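Peer 1: Sharing a sequence plus its predicted fold:
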Amino acid sequence: MSGEVLSLKDVSINRGDTPIVHDVSLTVAPGTVTVVLGANGAGKTTLMDGIAGLAPVTSGTIQLDGAPIEKFPVYKRSQAGLGYVEQARTVFRTLTVEQNLLVSRSGKGDAEKVYELFPELKKRRSLQAGHLSGGEQQMLVLGRALISDPKIILIDEMSLGLAPVVVRRLMHAVKDLVGLGIAVLLIEQFANLALEIGANAYVLRKGRVVFDGPCDEIRGDSERLHEFYFGAMPTDAVVEAGGENQ
Amino acid sequence: MLNSLVAGLTSGGVYALLGLCVVLTYRLVAVVNFAMAGVGTMGAFIMVSLMDLGLPWPIALVIGVVAGSLLSALIGSGLVRWFGEHDERTKAAVTVALFVAIGAIGLRLFGSTSTGARRFPTVFDSPAFTLGDVVVPQSVLVSLAFAALITFGVGLMLARTSVGLRLQALSERPSTAQVVGIPAPRLAIAVWAAIGGVSTLVILLVAPRLGGDFSTLSGLVTTALAVAMVGSFRSLPLTLLGGVLMGLLEGFAASLDEIQKYRGVVPFLVILVLLWWRSRNEVWDTAHSR
């Protein structure tokens, strides 16, 4: 076993009865950001849901710190050290900020560590999470993952519907998480922003990996990204395939 | 009239308790549980059958409550395992089927309305105090106190304890609750077990007054649903109030000779009126107005 915190081997995942992800293999090293890119419908969220246990893995193996987890129910994967920041800011709206953290705390998880990372949340610790701004809610969801004492955090499109300044703030927080030795598997609509903080990247098309390599190789290369997203580019069409075109 | 209202108040406490069981099952595990009163009746009949066999009542009571809890937990684990990903309507339909099945098994084991009435222990029938010239039995106070205890106790438990917060998280976002490490299936089954035990106790409280046959007691689910509707399947204090009002309404209906024999339709009327009242501003093509 190398120093991988998460390792997928030939994993296929269904959504309902429909196969979405096919034979995906990937690895994530501790203390690094691994980026997953792809067009809408490529299977990125299904891949994350499959790793977290929310979608059924039909074949292949998922190992967390060397131990297979693909048969575990969702909550056991979390208890094993897998944090998941789902799309759409899934705070418990009727609970306060503090209570949101409390229900997620596990192992060495410490609310103070979360408040250090997001001082905004400390000021609002007694406020119901439903009354927070979108950015604060996303910080809370990230904080909730952090307080579960994870080995890895899966982050799915945390920038959705947020102002660019907030997105930069969140990206900075992701870098801080990595600084704590936590691995991050990141799906992000702003591809170039994600590639800036990522070490390795995987690009999915129609549920299969079509690129696997260092982020440096594709950072800023819109044409190549576009080709990975949609297939070969027509010669007469020059399309900017920056992050916002996913 | 005062006599009937006092009698209604006794039922009111019990109806509130039944409504609270429905609301808590819905709030915490997102199931409209039609089988709840059937499960409680099964536990109560197991207790009374054991007493008939000569077992002392405290031991029979414990066994009956445990039986109600286990049956409810069994239903809960089946729903979690096989219907966890289904919508609320499917889960409700499953509990309707189970209600019918429990009713059939109960009739087979314990007899029908005319042959199966049992003598339930009347522990709380002694007078507590007199109001004018009406004697108020202890059962009025016990059922109302039990209902108030559940309403405020559960409210406090949900807001102040770690388990309560986890239950709230589970009821608000079941899959996210699991994502943050809350053992949702285990918690849900524990809720089902607790509801089964409380339902058994509630049925035992009301059984001596309602004649003690299986179908009448398991049919109390209609009243429980009407009471839960008063609380919008959400508010515990409103459900408590709804139960008491329902009891008083039934007591009032019982005091008038002209409508006395129709008092069984009161819960249905309450359900109809609430459905009409709450849907009066709905637009025809909203998602839930089908």
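Peer 2: Looks like it arrived, so ask away. Numbering: from 1, shown residues only, chains lettered A, B, ... in the order given.

Peer 1: which bits of chain A sit near chain B?
Peer 2: Within reach of chain B by Cβ under 8 Å from any Cβ of the partner chain, chain A has these residues: A:52-54, A:73-75, A:78-79, A:84, A:86, A:90, A:92-95, A:99-100, A:102-104, A:106, A:144-145, A:148. For the C-beta atoms, the positions are set from N, CA and C on the backbone; glycine is no exception.

Peer 1: Quick one, which of these are buried?
Peer 2: Buried members of the residues of chain A next to chain B, scored by 16 or more other Cβ atoms under 10 Å in any protein chain shown, are A:52-54, A:74-75, A:78-79, A:84, A:86, A:90, A:92, A:95, A:99-100, A:102-104, A:144-145, A:148.

Peer 1: Just those residues: which are in strands?
Peer 2: Within these, residues falling in strands by DSSP state E are residue A:84.

Peer 1: In contact with residue 198, which residues?
Peer 2: You didn't pick a chain, so chain A it is. By Cβ atoms under 8 Å, 6 or more residues apart in numbering or on different chains, the residues touching residue A:198 are A:32, A:33, A:34, A:35, A:186, A:215.

Peer 1: please go with chain B instead
Peer 2: So residue B:198 contacts B:17, B:21, B:40, B:150 (Cβ under 8 Å, 6+ apart).

Peer 1: do that again at 7 Å, thanks
Peer 2: residue B:21 (Cβ atoms under 7 Å, 6 or more residues apart in numbering or on different chains).

Peer 1: and it, what element?
Peer 2: Using DSSP states H and E, residue B:198 falls within helix B:184-210.

Peer 1: again with residue A:209
Peer 2: Using DSSP H and E, residue A:209 sits in strand A:208-214.

Peer 1: Which neighbouring elements make contact with that strand?
Peer 2: Packing partners of strand A:208-214 (3 or more Cβ pairs under 7 Å, 6 or more residues apart in numbering or on different chains; DSSP states H and E): strand A:18-28, strand A:200-205.

Peer 1: Identify the residues contacting it?
Peer 2: A:22, A:23, A:24, A:199, A:200, A:201, A:202, A:203, A:218, A:228.

Peer 1: Swap in 10 Å and give it another go.
Peer 2: By Cβ atoms under 10 Å, 6 or more residues apart in numbering or on different chains, the surrounding residues in contact with strand A:208-214 are A:8, A:21-27, A:36-38, A:42-43, A:47, A:195, A:198-205, A:217-218, A:224-225, A:227-229, A:231.

Peer 1: For residue B:136, give me phi and psi.
Peer 2: Dihedral angles of residue B:136 (phi, psi; degrees, to the nearest 10) stand at phi -100, psi 120.

Peer 1: Spell out which residues sit in contact with residue A:70, please.
Peer 2: Residue A:70 makes contacts with A:8-9, A:11, A:13, A:50-51, A:53, A:56-64, A:77, as judged by Cβ under 10 Å, 6+ apart.

Peer 1: So how do I select the buried members of those residues in PyMOL?
Peer 2: In PyMOL syntax, the buried subset of the contacts of residue A:70 is picked out as below (16+ other Cβ under 10 Å):
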select buried, chain A and resi 8+9+11+13+50+51+53+57+60+62+63+64+77
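
Peer 1: In helices, which of the contacts of residue A:70 fall?
Peer 2: Among those, the residues falling in helices (DSSP state H) are A:50, A:51, A:77.

Peer 1: Chain neighbours aside, what residue packs nearest to the first one?
Peer 2: If the residues on either side of it in the chain are set aside, residue A:50 comes closest to residue A:13, at 3.5 Å by Cβ to Cβ, 6 or more residues apart in numbering or on different chains.

Peer 1: Wait, the one you found touches residue A:44, no?
Peer 2: No. In this structure residue A:13 lies outside contact range of residue A:44 using Cβ atoms under 10 Å: 11.1 Å.

Peer 1: quick check: longest helix of chain A.
Peer 2: Max-length helix for chain A by DSSP H is helix A:164-179.

Peer 1: Can you tell me the SS state at residue B:76?
Peer 2: What DSSP: H, G, I helix; E, B strand; the rest coil gives for residue B:76 is helix.

Peer 1: In space, what's closest to the residue nearest the centre of chain A - neighbours in sequence excluded?
Peer 2: With distances taken as Cα atoms, centre = their mean, the residue of chain A nearest its centroid is residue A:155 (2.1 Å). Ranked by Cβ to Cβ, 6+ apart and with sequence neighbours excluded, the top spatial neighbour of residue A:155 is residue A:85, at 4.4 Å.
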